[in-house]
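Asker: I need the structure of the sequence given here:
(chains A and B)
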Amino acid sequence: RKEVEQDPGPFNVPEGATVAFNCTYSNSASQSFFWYRQDCRKEPKLLMSVYSSGNEDGRFTAQLNRASQYISLLIRDSKLSDSATYLCVVNKGEGGATNKLIFGTGTLLAVQP
Amino acid sequence: DTEVTQTPKHLVMGMTNKKSLKCEQHMGHRAMYWYKQKAKKPPELMFVYSYEKLSINESVPSRFSPECPNSSLLNLHLHALQPEDSALYLCASSQGSRGAKGEKLFFGSGTQLSVL
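Answerer: Below is the predicted model:
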């Protein structure tokens, strides 16, 4: 089993749609969770951290389910500019490991006009 | 604009060449990272420096040699690379709080490396 798994997509959605991505992780000791966004041929950029109680930033909502070891990202009212690859990122959780973050394979979102 | 600066943006080198990738940040971060990313794949961790000391080496071949001259600079020295080493090399930094398990990473725009 991969340490961090995502549906690679692509997710093709019309503008204005709501879309959700899920991500599962294998290490129950993981403590830090993030969603990054990566545009084609660009570097990954932090979209949001994911907190236990769930958190929202504008049109984006992140949820964490520790019992089932999955993280979700919900995007409401999709814009053309949301088209990108969304990377789920989880820390390794090993004792003493300095900030070892593991990236999922990414989910490709294409928002259509 | 990213606050982590990488140079060069593009590099083409032969298998016998020696070259270096450079990374600089002025955010006062004490942890710096090298990641390698192949097309349509996620970034893969290569090295982590914490307080200028190498703390993680993900079993990277010795033809890649990292160096951290000071808290703002990170280099990756390349020697005798193979064509399969062609990839996007990303530098990142984080605050480096001692004991932190999972800090936000700030990435540079990367060096696209082609090995001929």
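
Asker: How are the strands of the chain distributed by residue range?
Answerer: Since no chain was named, I'll use chain A. All strands of chain A, identified by DSSP state E, fall at A:4-6, A:11-14, A:19-25, A:33-38, A:44-49, A:55-57, A:60-65, A:70-75, A:84-91, A:101-103, A:107-112.

Asker: wrong one, chain B
Answerer: In chain B, the segments counted as strands under DSSP E are B:4-7, B:10-13, B:18-25, B:31-37, B:44-50, B:53-57, B:64-70, B:73-79, B:87-94, B:106-107, B:111-115.

Asker: Rebuild these as TSV, extending it with distance to A:Val13, mean neighbour count and mean pLDDT.
Answerer: Every residue, glycine included, has its C-beta placed from N, CA and C. Listed next are the strands of chain B as TSV, based on distance: least, C-beta to C-beta, whole Å; neighbours: other C-beta atoms under 10 Å in any protein chain shown; pLDDT from 0 to 100:
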stretch	distance to A:Val13	mean neighbour count	mean pLDDT
strand B:4-7	32	18	96
strand B:10-13	33	14	96
strand B:18-25	36	19	97
strand B:31-37	26	24	95
strand B:44-50	29	21	93
strand B:53-57	38	14	92
strand B:64-70	40	15	96
strand B:73-79	38	19	97
strand B:87-94	27	24	96
strand B:106-107	26	23	94
strand B:111-115	30	18	97
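
Asker: Turn these into a markdown table, including distance to A:Leu73.
Answerer: Converted to a markdown table, the strands of chain B look like this (distance: least, C-beta to C-beta, whole Å):
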| stretch | distance to A:Leu73 |
| --- | --- |
| strand B:4-7 | 24 |
| strand B:10-13 | 32 |
| strand B:18-25 | 27 |
| strand B:31-37 | 21 |
| strand B:44-50 | 22 |
| strand B:53-57 | 27 |
| strand B:64-70 | 32 |
| strand B:73-79 | 30 |
| strand B:87-94 | 21 |
| strand B:106-107 | 19 |
| strand B:111-115 | 28 |
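
Asker: Tabulate these in a markdown table, adding columns for distance to chain A.
Answerer: Output for these, formatted as a markdown table (distance: least, C-beta to the nearest C-beta, whole Å):
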| stretch | distance to chain A |
| --- | --- |
| strand B:4-7 | 8 |
| strand B:10-13 | 11 |
| strand B:18-25 | 12 |
| strand B:31-37 | 6 |
| strand B:44-50 | 5 |
| strand B:53-57 | 5 |
| strand B:64-70 | 13 |
| strand B:73-79 | 15 |
| strand B:87-94 | 6 |
| strand B:106-107 | 4 |
| strand B:111-115 | 8 |
